[in-house]
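Visitor: Sequence and computational prediction follow.
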Amino acid sequence: MITVENLTKRYGSTTAVQDVSFTVQPGSITGFLGPNGAGKSTTLRMLTGLTPPSSGTATINGKKYADLPNPGRIVGVMLDAAAQHAGRSGRETLLLNASLLGVPKTRVDEMLEAVGLSHAAKRRVGQYSLGMRQRLGIASALLGDPAVLILDEPANGMDPEGIRWMRGLLQDFASRGGTVILSSHLLGEVQATVDRLVVIGGGRIVANGSLEELLAGSGTLVRGLDPIGLNEALTAAGLRPEPLHDGALRVDATAEQVGRAAAAAGQILLELRQSDGAGLEDLFFQLTTPTAAAA
Amino acid sequence: MTTLTDVAPTTPAKHRAEATTSLPPVRGQSFLKLVGIELRKSVNTRSGKLLIAAIVALALVAIGWELTHLPDGPATADRFLGAASTGVMLLLPVIGVMAMTSEWTQRTALTTFTLSPRRVRVQIAKFVSALIMSVVVLTVTNLLALAGTALGGAVGGDGTSYSGLGGALAGSYLTNALNVVMAAAFGAVIAQTAVAILVYFIAPTAWSLAGPALFKDNANWLDVFGAFGRIADRNLHGMLPETLTAIGIWIVLPTIVGLWASSRREVK
């Protein structure tokens, strides 16, 4: 379990992270979402003891990161897949970490196998693609069989097959009681993988909740045979439909409310569903634009 | 949220430890373990291997030159040791600098300090590892020099002389240790390999040139080369306070500042 309380980081007069608080529960995958420069990496670095916070605390299973006797056995961390020595082989990189974590060498080969790097184990990391380095970073994070995973932009540089593989791996990890936080600015990736979201913009938390809760806020999408008639019918029912460019309407109401209002007015529906994808994207931009963050 | 429930197994969640092969119990990281890891890091990269190979090659070239330019009389160990150590003394401190800087320039500090968050311990392990490394390399080049002496004696036909060998060896190890610690300290303060090496080579030399002009005899107090020379001679010539002051300013102070700086430095 990860607990972040009132974490703040100031650099001179600029505040990179301001009063950030959230928790990540075991058995869940939390997406830490925000545009570039929003303070995601700074928060994760404070969580892992790499950056001293100006104020606030961050704990993992109730302990400060630096107080964990051998952190790699509790927390698997990958903050930057590119930060590996180009002159070492992938296997040597993991062997060094295995020795520090006190896990046997067989574990290294197991992990190389698990991330699909066995064939490249003896090549120098300098020759790896970014996707391969991400896999090596994930192998390194999993090496000590941790209960918690902290991953900064793990999907960065991965091909669609790799992203899908990682999604399965993380969901499996969480289903066995693991705690996962992963940051991203790629909405689609986060939406399909995580079950909770912490959205950060301009250094502040602007949304925090389950994916369902946050998506619910973006309402219902409805499309009718007669868009203008449907719009009038919904408005008459006291709902506030918002026309989309393709003739559909987005309504801040449940599907049942929209369906009943349409039926009462005799409107024929072609599509009625929870607004998703684009909705999250809208939410994301809305929440992270400076005006929304300041409000 | 639909995707997760679609994909996640429907069997009840097991405790995560059951699903993987059992690993040994969690132990803290002993200092010895940290030193071992740092030693391994200094030889398992290409640049590390090249540096050591270059030092040994340089010693071989110097010994070769001595062998082809033998003076009259017996081959003296002193002469071969001196020849072999000139280049070595120049390059060995780079091992010290790189031990402290390469983590930051290669950005592996990110991994190192997430796996071992108590940074001062790691940094001290790096000092110790750099010292061990340099002693090993120096021993190799010293042995090469002694082999060169024996060979020179055989080739020249005038025999060999090992007079003053003990003193020369003791001097070379002492100076080496001081140089490496000083270089490592500079590397800890300045986390950029090239800049740290430059400052390490230029600053004391600049002082030894400018100091006497500015401070006359008082410059001795900060002349680290003079101090090294006296320590290598194992005869302080009655200049104990000066020697201690120079060592304090050029070695102890940068070590403390370096340990402090690298424990506070933000890892990116």
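Guide: On my side now, so go ahead.

Visitor: Checking my notes, residue A:223 in a helix, right?
Guide: No - the secondary structure assignment for residue A:223 gives strand rather than a helix, going by DSSP: H, G, I helix; E, B strand; the rest coil.

Visitor: I figured it hits residue A:273, correct?
Guide: No - in terms of Cβ atoms under 8 Å, residue A:223 does not count as a neighbour of residue A:273; the distance is 9.3 Å. Heads up, the C-betas are built off the backbone N, CA and C, glycines and all.

Visitor: quick one, which of those two is more surrounded?
Guide: In this view residue A:223 and residue A:273 are compared by other Cβ atoms under 10 Å in any protein chain shown, and residue A:223 has more residues nearby, 16 against 11.

Visitor: what's the helix or strand for residue A:20?
Guide: In this structure, residue A:20 is located in strand A:14-24 according to DSSP states H and E.

Visitor: And the next helix or strand past that strand?
Guide: Towards the C-terminus, the helix or strand next in line after strand A:14-24, according to DSSP H and E, is strand A:29-33.

Visitor: So what touches that next one?
Guide: Here strand A:29-33 makes contact (Cβ atoms under 8 Å, 6 or more residues apart in numbering or on different chains) with A:22, A:24, A:40, A:43-44, A:170-171, A:174, A:180-185, A:187, A:190-191, A:193-200, A:284, B:4.

Visitor: Please flag which of the residues you listed sit within helices.
Guide: A:40, A:43-44, A:170-171, A:174, A:187, A:190-191, A:193, A:284, B:4 (DSSP state H).

Visitor: Highest neighbour count among those residues?
Guide: Ranked by the number of neighbours (other Cβ under 10 Å), the ones in helices among the contacts of strand A:29-33 place residue A:43 first, at 29 neighbours.

Visitor: From chain B, how far off is that residue?
Guide: Going from residue A:43 to chain B by Cβ to the nearest Cβ, to the nearest Å gives 14 Å.

Visitor: Identify each buried residue in the longest helix that chain B contains, please.
Guide: When chain B is scanned for its longest helix (criterion: DSSP H), the result is helix B:119-156. Taking 16 or more other Cβ atoms under 10 Å in any protein chain shown as the neighbour-count basis, helix B:119-156 is seen to contain the buried residues B:119, B:122-134, B:137-138, B:140-142, B:144-146, B:148-149, B:151-153, B:156.

Visitor: Would you map the strands across chain A?
Guide: A:2-11, A:14-24, A:29-33, A:55-60, A:63-64, A:75-78, A:148-152, A:179-184, A:196-201, A:204-210, A:220-224, A:242-243, A:249-251, A:269-274 (DSSP state E).

Visitor: Dump those into JSON lines; add mean pLDDT as well.
Guide: Converted to JSON lines, those look like this (pLDDT from 0 to 100):
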{"stretch": "strand A:2-11", "mean pLDDT": "94"}
{"stretch": "strand A:14-24", "mean pLDDT": "94"}
{"stretch": "strand A:29-33", "mean pLDDT": "93"}
{"stretch": "strand A:55-60", "mean pLDDT": "95"}
{"stretch": "strand A:63-64", "mean pLDDT": "94"}
{"stretch": "strand A:75-78", "mean pLDDT": "95"}
{"stretch": "strand A:148-152", "mean pLDDT": "95"}
{"stretch": "strand A:179-184", "mean pLDDT": "94"}
{"stretch": "strand A:196-201", "mean pLDDT": "90"}
{"stretch": "strand A:204-210", "mean pLDDT": "87"}
{"stretch": "strand A:220-224", "mean pLDDT": "88"}
{"stretch": "strand A:242-243", "mean pLDDT": "84"}
{"stretch": "strand A:249-251", "mean pLDDT": "85"}
{"stretch": "strand A:269-274", "mean pLDDT": "87"}
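
Visitor: To residue B:225, which of those lies closest?
Guide: Go through the strands of chain A one by one with Cβ to Cβ and the one that ends up closest to residue B:225 is strand A:2-11, at 40.5 Å.

Visitor: mind checking how far that closest one is from the chain centre?
Guide: 18 Å (Cα atoms, centre = their mean, to the nearest Å).

Visitor: how about that strand, does it reach chain B?
Guide: No - applying Cβ under 8 Å from any Cβ of the partner chain, one finds strand A:2-11 separated from chain B by no less than 9.3 Å.

Visitor: Can you list the strands that that strand pairs with?
Guide: Applying DSSP bridges to the sheet, strand A:2-11 is found paired with strand A:14-24 (antiparallel), strand A:55-60 (antiparallel).

Visitor: Identify the residues contacting the first one?
Guide: Among residues not part of strand A:14-24, those counted as contacts by Cβ under 8 Å, 6+ apart are A:1-10, A:30, A:39, A:42-43, A:46, A:53, A:56, A:148, A:179-181, A:196, A:198, A:200, A:203-205, A:208.

Visitor: Just the buried residues out of those residues, in PyMOL syntax.
Guide: What follows is the PyMOL syntax selecting those of the contacts of strand A:14-24 that are buried according to 16+ other Cβ under 10 Å:
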select buried, chain A and resi 2+3+4+7+8+9+30+39+42+43+46+53+56+148+179+180+181+196+198+200+203+204+205+208
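
Visitor: what about the chain, any weak spots by pLDDT?
Guide: Answering for chain A, as no chain was given. Within chain A, the stretches with pLDDT under 70 are A:215-218, A:276-283, A:285-295.

Visitor: my bad, the chain I had in mind was chain B
Guide: If you take pLDDT under 70 as the line, chain B has these spans: B:1-21.

Visitor: In it, which residue is most central in space?
Guide: Nearest to the mean C-alpha position of chain B, by Cα atoms, centre = their mean, lies residue B:96 at 2.9 Å.

Visitor: who's in contact with it?
Guide: So, once contact is read as Cβ under 8 Å, 6+ apart, residue B:96 ends up touching B:127, B:130, B:134, B:179-184, B:187.

Visitor: repeat that for 6 Å
Guide: Going by Cβ atoms under 6 Å, 6 or more residues apart in numbering or on different chains, residue B:96 touches B:130, B:180, B:183-184.

Visitor: Among these, which are located in helices?
Guide: Taking DSSP H, the ones among those that sit in helices are B:130, B:180, B:183-184.

Visitor: Please enumerate the strands of chain B.
Guide: B:75-76, B:160-161.

Visitor: still on that earlier bit, now the strands of chain A in JSON lines, with distance to residue A:87?
Guide: Conversion of the strands of chain A to JSON lines gives the following (distance: least, Cβ to Cβ, whole Å):
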{"stretch": "strand A:2-11", "distance to residue A:87": "32"}
{"stretch": "strand A:14-24", "distance to residue A:87": "32"}
{"stretch": "strand A:29-33", "distance to residue A:87": "32"}
{"stretch": "strand A:55-60", "distance to residue A:87": "32"}
{"stretch": "strand A:63-64", "distance to residue A:87": "33"}
{"stretch": "strand A:75-78", "distance to residue A:87": "20"}
{"stretch": "strand A:148-152", "distance to residue A:87": "23"}
{"stretch": "strand A:179-184", "distance to residue A:87": "28"}
{"stretch": "strand A:196-201", "distance to residue A:87": "35"}
{"stretch": "strand A:204-210", "distance to residue A:87": "40"}
{"stretch": "strand A:220-224", "distance to residue A:87": "53"}
{"stretch": "strand A:242-243", "distance to residue A:87": "56"}
{"stretch": "strand A:249-251", "distance to residue A:87": "54"}
{"stretch": "strand A:269-274", "distance to residue A:87": "51"}
